[in-house]
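Enquirer: With the input below, show me the fold.
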Amino acid sequence: MDKVLINNFIRAKEVRVISETGEQLGIMNIFVAIDLARSKGLDLIQVTEKVEPPVCRIANYGKYLYSLQKKEKKIAKPKGGELKEIRLTFNISPHDMEIRAKQAEKFLKEGDKVKINMSLRGREKAMGQFATNKVKLFLEQLNALIPIKTERELKREPRGFTMIVSKQ
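Expert: Numbers count the residues shown, from 1 in each chain. Take a look at the predicted model:
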């Protein structure tokens with residue numbers, strides 16, 4: 001954010017003034033405009049210098065800076081593209097699997113990628129085929145809700161299986 005000019009820092013001799021309510025007050029001498037702003041207990045803030053004469057607004061400087069920061073923050077942070085995780089367990093019930101599929105669908109619609117994590121503990125690690133079947137069943141349910149493509153295949157890890165999917 002570049003420096004915002006206020007009050008005596010504005011270099012122009014004449015400025016177009018907008019009141020705190022958004023009403024156009026016309027073109028004024030800079031000193032008259034500053035006096036008008038001070039009489040209301042506010043600041044004269046230069047909004048743009050690209051036009052002749054520059055446009056200035058009568059407003060509270062702190063509030064004006066805050067609104068500019070909010071606008072920049074909104075522009076700077078586009079939504080989506082994150083990696084979200086859905087955890088499945090070995091003995092997950094069919095209903096819980098449906099709920100997780102709907103949650104994954106929501107993430108995918110927002111543009112995020114989804115990491116599916118099937119964690120295995122103890123003796124469950126010996127039953128890898130059963131776990132992969134559970135993950136495949138989950139993927140079928142998810143594919144019925146929204147078309148998906150596999151970013152990373154189902155991979156065996158020390159604590160279970162993981163894979164990454166995204167929206168087609």
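
Enquirer: Pop the domain breakdown of this structure in here.
Expert: Using automatic domain parsing, the domain ranges for the chain come out as 7-76, 83-167.

Enquirer: Dump those to a markdown table, plus mean neighbour count and mean pLDDT.
Expert: Any C-beta I mention is one placed from the backbone N, CA and C, and that applies to glycine too. A markdown table is the format used below for the domains of the chain (neighbours: other C-beta atoms under 10 Å; pLDDT from 0 to 100):
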| stretch | mean neighbour count | mean pLDDT |
| --- | --- | --- |
| domain 7-76 | 14 | 89 |
| domain 83-167 | 15 | 92 |
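
Enquirer: for the protein, what spans make up the helices?
Expert: For the chain, applying DSSP state H gives helices covering 30-39, 61-76, 94-109, 128-145.

Enquirer: out of those, nearest to Gly22?
Expert: Checking these against Gly22 by C-beta to C-beta gives helix 61-76 as the closest, at 13.1 Å.

Enquirer: can you give me the offset of that closest one from its chain's centre?
Expert: Between the centre of helix 61-76 and the centre of its host chain there is 15 Å, according to C-alpha atoms, centre = their mean, to the nearest Å.
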